[in-house]
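> I'd like to go over a predicted model; first the sequence, then the structure.
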Amino acid sequence: MALFKCDACHHFQETSNDYIGKNARCPKCKENGTIFNTLSYIKEITENNISLKKKLLEIDKIKEIGTSETNDDMIKVYDPIPIDDFDIHNTDIFSQKDHYAPIIKWFKEKYIQANVNPKMMDTTGFFDEVAIYMGNNFNTIGSIVNQIRYIQNKKYDTVKISLSKNNNKEIEQILEFCKMLHHYSFIARYNFQKKDKIIYLTLQSIPKIKNFFNGLWMEWFVLIQIISFFKEKNITLPIIRGVDITFQNQDKNELDIFFINNQGEPVCIECKTGEFRQDLNKYFSLQKKLNIKKENFLLCVFGLEEEQAKGLTSMYEITLVNESTLMNHLESLF
């Protein structure tokens, strides 16, 4: 880890090695500071301390001088460090091991093994762009996504979509969606028969594409929404997607989105669409095992009515949101 040192208030904090030599704004006093190579900085401080100690020994002629010891676990902070601007759709900042190390440590302190695939946070591909469009227009294209998933699971490669019940604005959005899928090679081709208002899609058989439509797109949508919020606030915080965890009793779970907010509190988000009620007890049990506060354990159900989300939240020890209310709730946790 690199070391951030504020030139004004002398606040210290660990950050990623990627930012060594860069300037950053202090999360405490908002003044500028510098990010150093930790080993080089410690070496310099150590050499200065040794030199000072020798001088004191010569002056006072004593063998031991009480010095304040460094606690190895002292730096356990999650204050946001503002960094240089980055493109949320083309960055591997959040896939760096140094970045999500505090999350691994959080699980380790609870005797939980966490396995992270760094590629799950790398946004240099096109999954995130497509996922954002899907989430922002879910009311219109949600049924299209469900049809694609259904046909894929049936192992067919052609989807026939009737738009006879859609108005012109909805048809325009759906066509734009199909054009985007074809542009980014999520589908092999599409054909719109304007007279009959029917679209034919030829699907890809690539496993990553299948998994994307099978539910991973929701994780991408939530991840990018949170990263966008980080960018807006000019902060970076530890965040991971698709982490596999193993409890002491060998129970295993996969968490969709997990991050630590600027208060040092864990936040877990699970994503669902369609039928979710049979999984409520599973999520409630997971929330208890992780010992995460109710407001910090979210089940984001795409397409869920807001009133229903509020009612279920009052009934269960987890918080239910939909794709539209997700960020309003998350922002309240900062």
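Cool, got the structure.
> going forward, measure contacts and count neighbours with C-alpha atoms only.
Noted.
> and residue 138, how many neighbours?
By the criterion of other Cα atoms under 10 Å, residue 138 has 18 neighbours.
> in terms of pLDDT, where does it sit?
Residue 138 is assigned a pLDDT of 92 by the prediction.
> again with the one 3 residues further on
At residue 141, the pLDDT value in this model is 91.
> now swap in residue 50 and tell me
For residue 50, the pLDDT comes out at 65.
> how about residue 315?
On pLDDT, residue 315 comes in at 90.
> what does residue 197 give?
On the pLDDT scale, residue 197 is placed at 93.
> for the nearest residue to it once chain neighbours are set aside, what are phi and psi?
In this structure, residue 197 finds its nearest non-sequential neighbour in residue 163, 5.2 Å apart by Cα to Cα, 6 or more residues apart in numbering. According to degrees, to the nearest 10, the main-chain angles of residue 163 amount to phi -110, psi 20.
> what's the answer for residue 215, then?
phi 140, psi -20.
> what's near enough to touch the residue nearest to residue 197?
For residue 163, the contact set (Cα atoms under 8 Å, 6 or more residues apart in numbering) comprises 171, 197-199.
> now a ChimeraX select for only the buried ones of those.
Here is the ChimeraX command that picks out the buried ones among the contacts of residue 163, judged by 16 or more other Cα atoms under 10 Å:
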select :171,199
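> the closest residue to residue 189 other than its chain neighbours and residue 248, how far apart?
Residue nearest to residue 189 in three dimensions, not counting chain neighbours: residue 202, with 5.2 Å by Cα to Cα, 6+ apart. Using Cα to Cα, to the nearest Å, residue 202 is found at 46 Å from residue 248.
> next: residue 11.
To residue 248, residue 11 is 37 Å away according to Cα to Cα.
> of the two, which one has the most company?
More crowded of residue 11 and residue 248, by other Cα under 10 Å: residue 11, with 14 against 10.
> does that one touch residue 3 like I think?
No - if you go by Cα atoms under 8 Å, residue 11 and residue 3 don't touch, sitting 10.3 Å apart.
> using the record's assignment, carve this protein into domains.
By the assignment in automatic domain parsing, the chain contains the domains 2-60, 93-122+216-331, 127-208.
> tell me the most buried of these?
Of all the domains of the chain, domain 93-122+216-331 has the most neighbours on average by mean count of other Cα atoms under 10 Å, namely a mean of 17.
> what's in contact with stretch 302-316?
Under Cα under 8 Å, 6+ apart, the answer for stretch 302-316 is 135, 138-139, 271-274, 284, 319-323, 325.
> tell me which two of these sit farthest apart.
Greatest spatial distance in the contacts of stretch 302-316: 139 and 284, 27.3 Å, computed using Cα to Cα.
> need the next SSE after the helix or strand hosting residue 286, C-terminal direction.
Assessed by DSSP states H and E, residue 286 sits inside helix 280-290. As assigned by DSSP H and E, the chain's next helix or strand after helix 280-290 is strand 297-302.
> output that next one as CSV, restricted to C-alpha atoms.
What follows is strand 297-302, C-alpha atoms only, in CSV (Å, rounded to 0.1, in the frame of the first residue of the first chain):
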residue,chain,number,x,y,z
PHE,A,297,-28.1,-5.2,3.8
LEU,A,298,-30.1,-4.5,0.6
LEU,A,299,-32.1,-6.7,-1.7
CYS,A,300,-32.5,-4.8,-5.0
VAL,A,301,-35.4,-6.3,-6.9
PHE,A,302,-35.7,-4.9,-10.4
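> so what's the gap between it and the chain middle?
Here the centre of strand 297-302 is set off from its chain's centre by 14 Å, with Cα atoms, centre = their mean, to the nearest Å.
> what pLDDT, on average, does that strand get?
Averaged across strand 297-302, the pLDDT comes to 96.
> so the following helix or strand past that strand versus helix 280-290, what angle?
Note on strand 297-302: by DSSP H and E, the next helix or strand toward the C-terminus is helix 306-315. Here helix 306-315 runs at an angle of 50 degrees relative to helix 280-290 (axes from the mean of the first three to the mean of the last three Cα atoms, to 10 degrees).
> now the angle from helix 306-315 to strand 297-302?
Going by the same axes, to 10 degrees, helix 306-315 makes 160 degrees with strand 297-302.
> which SSE is immediately downstream of helix 306-315?
Per DSSP H and E, the helix or strand that comes after helix 306-315 is strand 319-321.
> what does that following strand contact?
With Cα under 8 Å, 6+ apart, strand 319-321 has contacts from 294-301, 304, 306, 309-310, 312-313.
> again, 10 Å this time
Strand 319-321 is contacted from outside by 269-271, 284, 293-314, 326-329, using Cα atoms under 10 Å, 6 or more residues apart in numbering.
> same check, this time on stretch 125-137
Under the contact criterion Cα under 10 Å, 6+ apart, stretch 125-137 has outside partners 88-91, 122-123, 138, 140-142, 144-145, 170, 173-174, 176-177, 180-181, 184-186, 208-209, 212-213, 216-225, 302-303, 323-324.
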